[in-house]
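Below is the sequence, then the predicted model.
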Amino acid sequence: MNKCAGMETKLADMLLDPNAAPAKVKSHVAECESCRKDLDELRATMAVLDTWEAPEPSQYFLSKLDARMREERAAPPAGWLDRLRARFAYGPPMHARPLAAMALTVTLLVGGGTYLGVTNWEQPPAPTGEAAVVHDLQTLDNNAQLLDQLESITDNPNDDDDTQYTQ
């Protein structure tokens with residue numbers, strides 16, 4: 001009986017596709033009387049199911065169903081939970097569409113706004129890695145060079161503008 005544990009699924013697989021069953025399972029079924037009997041019962045059940053045909057629905061089925069639905073809609077529900085259940089079960093299908101459309105619109109607007117807000121963030125300038133003191137000294141040095149250039153321009157004695165006024 002220890003070898004028979006878990007054989008139900010293997011027997012079902014062997015029934016559906018006998019060629020794909022492992023040799024170990026085939027040999028076990030050949031040796032074990034109870035597993036062989038179970039496999040034969042499964043084959044008989046499948047044979048009966050293959051001969052079964054679904055019955056044709058009655059021609060009055062839809063009209064009876066509509067009448068029953070009208071009766072259920074007309075019957076007063078017992079409590080508030082039953083009324084709520086009846087509203088969703090038998091109410092018109094259009095009652096939830098406006099709510100669903102509004103929820104979808106709000107979700108799209110919030111989601112789109114969030115996406116645009118996240119992707120359009122302005123990134124702060126990356127730190128250059130130099131200290132503020134170094135930056136200040138470089139700025140002063142550039143200003144000193146600019147002042148030296150301006151002084152050299154004003155100190156130039158060979159300026160043409162000065163010669164025109166002295167004559």
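Here it is on my side, so go on. Note that the coordinates shown come from a computational prediction; the quantities given were computed from them, not determined experimentally. Numbers count the residues shown, from 1 in each chain.

now for the one helix or strand Thr9 maps to, which elements pack on it?
Using DSSP states H and E, Thr9 sits within helix 7-16. If contacts are counted by 3 or more Cβ pairs under 8 Å, 6 or more residues apart in numbering; DSSP states H and E, helix 7-16 sits against helix 23-31, helix 33-51. C-beta coordinates here come from the backbone N, C-alpha and C atoms, glycine included.

Distance to Thr105, mean neighbour count and mean pLDDT added to those, as a markdown table?
A markdown table is the format used below for those (distance: least, Cβ to Cβ, whole Å; neighbours: other Cβ atoms under 10 Å; pLDDT from 0 to 100):
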| stretch | distance to Thr105 | mean neighbour count | mean pLDDT |
| --- | --- | --- | --- |
| helix 23-31 | 58 | 13 | 87 |
| helix 33-51 | 50 | 12 | 90 |
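
Of all these, which one is nearest Leu147?
helix 23-31 (97.4 Å; Cβ to Cβ).

For that closest one, which helices and strands make contact with it?
Partner elements for helix 23-31 (3+ Cβ pairs under 8 Å, 6+ apart): helix 7-16, helix 33-51.

tell me the angle of it relative to helix 7-16?
On the basis of axes from the mean of the first three to the mean of the last three Cα atoms, to 10 degrees, helix 23-31 is oriented at 100 degrees to helix 7-16.

Report the angle between helix 23-31 and helix 33-51.
Orientation check (the same axes, to 10 degrees): helix 23-31 against helix 33-51 gives 100 degrees.

Pull the distance from helix 23-31 to the chain's centre.
From the chain centre to the centre of helix 23-31 is a distance of 46 Å (Cα atoms, centre = their mean, to the nearest Å).
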